[in-house]
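> have a look at this prediction, sequence included:
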There are 2 protein chains.
Amino acid sequence: MTPLKNDIFIKALLKQPIDRTPVWMMRQAGRYLPEYRQIREQAGSFLNLCTNPELACEVTLQPLRRFDFDAAILFSDILTIPDAMGLGLYFTEGEGPKFKKTVRTAADVKQLPIPDPHEDLRYVVDAVSLIRKNLQGSVPLIGFSGSPWTLATYMVEGGGSKSFQKVKGLMYEQPAVMHLMLDKLAQSVAAYLNAQIEAGAQAVMLFDTWGGMLSSEDYIEFSLHYAKQVRALLKTDGDGQRIPTILFTKGGGLWLETMAEAGYDALGLDWQTDIGQARARVGDRVALQGNMDPVSLYAQPAIIVEKVKTVLAKYGPGSGHVFNLGHGILPDINPDHVKAMVDAVHQYSPAYHL
Amino acid sequence: MTPLKNDIFIKALLKQPIDRTPVWMMRQAGRYLPEYRQIREQAGSFLNLCTNPELACEVTLQPLRRFDFDAAILFSDILTIPDAMGLGLYFTEGEGPKFKKTVRTAADVKQLPIPDPHEDLRYVVDAVSLIRKNLQGSVPLIGFSGSPWTLATYMVEGGGSKSFQKVKGLMYEQPAVMHLMLDKLAQSVAAYLNAQIEAGAQAVMLFDTWGGMLSSEDYIEFSLHYAKQVRALLKTDGDGQRIPTILFTKGGGLWLETMAEAGYDALGLDWQTDIGQARARVGDRVALQGNMDPVSLYAQPAIIVEKVKTVLAKYGPGSGHVFNLGHGILPDINPDHVKAMVDAVHQYSPAYHL
């Protein structure tokens, strides 16, 4: 495969010297871009877009044509694995993802298959190959998956949730069933990410969107333990290159020290966490990714520039920082404001890499 | 006034020796109780219930007839102040609180009055007097208010919010306007809490429900600063007794060290925060209140007992802990499960006070 022309994202994750801070954005391929909305309409549905490798490739590349991002991220959904397990993922307008079948009993869990990514998630693997080829080595491609715990929340609840009553109920009342389910999910996630790595993903990220809804002890037992298990099963090299890994737990700022021991190269930070304090807490063990408040992109460009400068200054000098938002970009942000953010990272970060 | 028969709640907040850990529950007067639902129906609306001192008194006392709680908390809403400022609070089924008028410009903020609690919030002051009288010194009465930042979020957004786009927009774009608004709110909250203290509240709690949606630096500048200002304006004594104060920021676990310097006697903890680690971080500066996961009350009583034991063991020996949930009780919890929790605190906490 073509060698990378711009590898500062990979180098930052591995804390190797670079000359400026790399930048990309969670949900950078998304609704804030008119060209995305056009393809989305053409596809007819969000799921059609995810399951069509050509369209998924096209929307993955769109933001890179507009902005000087240092990484591409596979366009997909975090719930592809439960769908491949046969739960029947669907989306209803304004209500988010839902499943036709739920997983709530020991029998349900025992019946869950571990999907073969090359068969059951072929559309994702094909999208990764196609995107990697089309990137032509310009920037690295990030593969991703939802974390075992986060996938389990949707599978038990049957969709999104506010209080997570059903999944926590299963966790409290039948912890062995919950552990069996999470173990199957960890194996499935690892196989899925390994297939993405084989197909060309040059870094992988685990999204633990709902780990932050757990108590400290439940987080360690039911979420982080399985993130570690995934990490232990991951390929460390792809195409002869080291594959860096990122763990992002939204609301996980309290647990960074423990997360830093989970084997990942980097931790994603939400915007509530002070990135300077986070760096002091994790030391040299991991790189950090984040963490501007996504809502600050509504502000005028001059204010956005100040917010970028604050995040860069808080992280401070040296490699090990990937600039990002603290969560996905919101769907109605003005693309010019994204440009202001990206340009500010380009302009003000070299001072931290002298 | 009658001296307190049970003052362990007050003593725990002041870290004075006691023989067991006190317990109460956020939203203990609420929908999980059939007798509450009956009065609520009789009142016709939630607001009618809040604004009628006799009914507010009745629902405040209901949980104390069922459970051995060590404190009563005024039944009211956190949004009474903006309503008294003329914004027109109303509730729509399933959608939460809304305001008829919003506050979004410098002119809007300049026009905001500082309500006189004895005039504009008379129904609350009267409810406090009535509850205090009816408690007959059995347990102390907690008064409360929403925090300036949390009130501001509803006033700018016009109701609840997911991304807090409008209030953060005002904060980023016109920080001086936001500060003027928060300053007026701090004055209003302090006057309101002082009126509650004068009417008989024996402790006060500030609910900062949405402080945890801010970045660290914004939390300190726009939320904690005004919580401090409120504290500085509060009466320290009522009826010759010291009035302890509690600050609760949901999602504030990252900032406990700074919060411990704000002048409050105790910090409320959400369930994500490890209460043992929190105690190590704040040392002797403040007491701690919390923090069992509210969702664990769905589990069977035997499991609830284990969860109570875990929280007690994590806090460890000595005074300075008030047992509570990490957030309000959920509306469909079985009251028998609450009894299991309260009884477990009574049974297992004396070992930590030898």
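Arrived safely. Only a predicted model underlies this, so the values are computations on that prediction, with no experimental measurement involved. Numbers count the residues shown, from 1 in each chain, chains lettered A, B, ... in the order given.

> okay, now the unreliable bits of chain A?
Along chain A, segments meeting pLDDT under 70 span A:1.

> buried stuff in the lengthiest helix in it?
Using DSSP state H to define each element, chain A has its longest helix at helix A:175-199. Buried residues in helix A:175-199, counted by 16 or more other CB atoms under 10 Å in any protein chain shown: A:177-179, A:181-199. (Each C-beta comes from the backbone N, C-alpha and C, glycine too.)

> is it positioned near chain B?
No: Helix A:175-199 is not in contact with chain B by CB under 8 Å from any CB of the partner chain; minimum separation 9.7 Å.

> which residues touch the helix or strand following that helix?
Once helix A:175-199 ends, the next helix or strand along the chain (criterion: DSSP states H and E) is strand A:203-208. Contacts with strand A:203-208, where a contact means CB atoms under 8 Å, 6 or more residues apart in numbering or on different chains, come from A:9-10, A:13, A:71, A:73, A:78, A:140-147, A:149-150, A:189, A:193, A:196-197, A:223, A:227, A:230, A:234, A:243-250, A:252, A:264, A:268.

> try stretch A:309-318
Identification of contacts with stretch A:309-318 by CB under 8 Å, 6+ apart yields A:15, A:21, A:274-276, A:279, A:288, A:290-292, A:321, A:323, A:344-345, A:348-349, A:352-354, B:217.

> what do you get for stretch A:128-136?
Outside stretch A:128-136, the residues touching it (CB under 8 Å, 6+ apart) are A:1-2, A:53-54, A:56-57, A:60-61, A:64, A:72, A:74, A:141, A:143, A:196, A:199-202.

> same question for stretch A:103-117.
Here stretch A:103-117 makes contact (CB under 8 Å, 6+ apart) with A:81, A:84-87, A:102, A:121, A:124-125, A:152, A:155-156, A:166, A:170, A:174, A:177, A:180-181, A:184, A:187-188, A:191-192, A:194-196.

> name the residues of it that are buried.
Buried residues in stretch A:103-117, counting neighbours by 16+ other CB under 10 Å, are found at A:103-104, A:108-109, A:112, A:114-115, A:117.

> do stretch A:43-53 as well
Going by neighbour count (16+ other CB under 10 Å), the buried part of stretch A:43-53 is A:43, A:47, A:49-53.

> tell me the residues of chain A that contact chain B?
Proximity of chain A to chain B, by CB under 8 Å from any CB, involves residues A:163-165, A:168-169, A:172-173, A:212-219, A:251, A:253-254, A:271-274, A:277, A:293-296, A:298-300, A:303, A:307, A:310, A:326, A:330.

> beta partners for the closest residue to A:Gly160 other than its chain neighbours?
Of all residues not flanking A:Gly160 in the chain, A:Gly96 sits nearest, at 4.6 Å (CB to CB, 6 or more residues apart in numbering or on different chains). Beta-bridge partners for A:Gly96, by DSSP bridges, are A:Thr92.

> burial count for A:Gly96?
A:Gly96 has 12 neighbouring residues, counting by other CB atoms under 10 Å in any protein chain shown.

> just A:Ala280 next, same as before
By the criterion of other CB under 10 Å, A:Ala280 has 10 neighbours.

> just the one 4 residues further on next, same as before
With neighbours defined by other CB under 10 Å, the count for A:Asp284 comes to 10.

> ok, which stretches of the stretch 1-150 of chain A are helices?
Using DSSP state H, counting those that start in this stretch, the helices of the stretch 1-150 of chain A run over A:8-13, A:34-43, A:46-51, A:53-66, A:80-82, A:106-111, A:117-120, A:122-135, A:148-157.

> now the stretch 51-200 of chain A against chain B: closest residue?
A:Tyr172 (4.1 Å; CB to the nearest CB).

> ignoring the adjacent residues along the chain, who's closest to A:Gly328?
A:Arg27 (3.5 Å).

> sorry, wrong one. I was asking about A:Ile243.
Leaving aside its chain neighbours, A:Ile243 sits nearest to A:Ile197 (5.5 Å; criterion: CB to CB, 6+ apart).

> can I assume the one you found is in contact with A:Gln241?
No: in this structure, A:Ile197 is not within contact of A:Gln241 by CB atoms under 8 Å, at 10.0 Å.

> return the residues in contact with A:Glu95.
A:Glu95 makes contact with A:159-160, according to CB under 8 Å, 6+ apart.

> and the residue lying closest to A:Phe69 once chain neighbours are set aside, how many neighbours does it have?
Nearest non-adjacent residue to A:Phe69, counting by CB to CB, 6+ apart: A:Trp24, 4.7 Å away. Using other CB under 10 Å, A:Trp24 has 24 neighbouring residues.

> and for A:Trp149?
Neighbours of A:Trp149 (other CB under 10 Å): 30.

> residues contacting A:Leu214?
Per CB under 8 Å, 6+ apart, neighbours of A:Leu214: A:149, A:222-223, B:272, B:293.

> who wins for most neighbours among those?
Busiest of these [other CB under 10 Å] is A:Trp149, holding 30 neighbours.

> let me have the helices of the stretch 1-150 of chain A in CSV, extended by distance to A:Gly316.
Converted to CSV, the helices of the stretch 1-150 of chain A look like this (distance: least, CB to CB, whole Å):
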stretch, distance to A:Gly316
helix A:8-13, 14
helix A:34-43, 35
helix A:46-51, 38
helix A:53-66, 28
helix A:80-82, 37
helix A:106-111, 46
helix A:117-120, 39
helix A:122-135, 31
helix A:148-157, 31
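
> who wins for proximity to A:Thr92 among those?
Closest approach to A:Thr92 among the helices of the stretch 1-150 of chain A (CB to CB): helix A:46-51, 10.9 Å.

> packing partners of that closest one?
Judged by 3 or more CB pairs under 8 Å, 6 or more residues apart in numbering or on different chains; DSSP states H and E, the packing partners of helix A:46-51 are helix A:34-43, helix A:53-66, strand A:89-92.

> can you tell which of these is closest to A:Pro335?
helix A:53-66 (6.5 Å).

> contact partners of that closest one?
Residues from elsewhere that reach helix A:53-66 (CB under 8 Å, 6+ apart): A:25, A:28-29, A:33, A:35-36, A:39-40, A:42-43, A:48-50, A:69, A:72-76, A:123, A:126-127, A:129-131, A:134-135, A:138-139, A:335, A:338-339.

> of those, buried ones?
By neighbour count, with 16+ other CB under 10 Å, those hold A:25, A:28-29, A:33, A:36, A:39-40, A:43, A:49-50, A:69, A:72-76, A:123, A:126-127, A:129-131, A:134-135, A:138-139, A:335, A:338 as buried.

> mark which of the contacts of A:Leu214 are part of strands, please.
Using DSSP state E to define strands, no part of those is located there.

> just those residues: which are in helices?
Residues of the contacts of A:Leu214 located in helices (DSSP H): A:Trp149.

> so which of the contacts of A:Leu214 is the closest to B:Gly283?
Checking the contacts of A:Leu214 one by one against B:Gly283 (CB to CB), the nearest turns out to be B:Gln272, at 20.7 Å.

> please report how far the closest one lies from A:Phe207.
In this view, B:Gln272 and A:Phe207 are 18 Å apart by CB to CB, to the nearest Å.

> which residues does A:Thr273 contact?
A:253, A:256, A:290-291, A:326, B:216, B:254.

> distance check, it against B:Leu214.
12 Å.

> before we move on, the earlier item: winner for burial among the helices and strands packed on helix A:46-51?
Highest mean neighbour count among the helices and strands packed on helix A:46-51 (mean count of other CB atoms under 10 Å in any protein chain shown): helix A:53-66, with a mean of 19.

> and it, how far out from the chain's middle?
Offset of helix A:53-66 from its chain centre (CA atoms, centre = their mean, to the nearest Å): 17 Å.

> count of neighbours near the closest residue in space to A:Val156 that isn't next to it in sequence?
Here the nearest residue to A:Val156 in space, its sequence neighbours aside, is A:Val167; by CB to CB, 6+ apart that works out to 4.0 Å. Using other CB under 10 Å, A:Val167 has 27 other residues around it.
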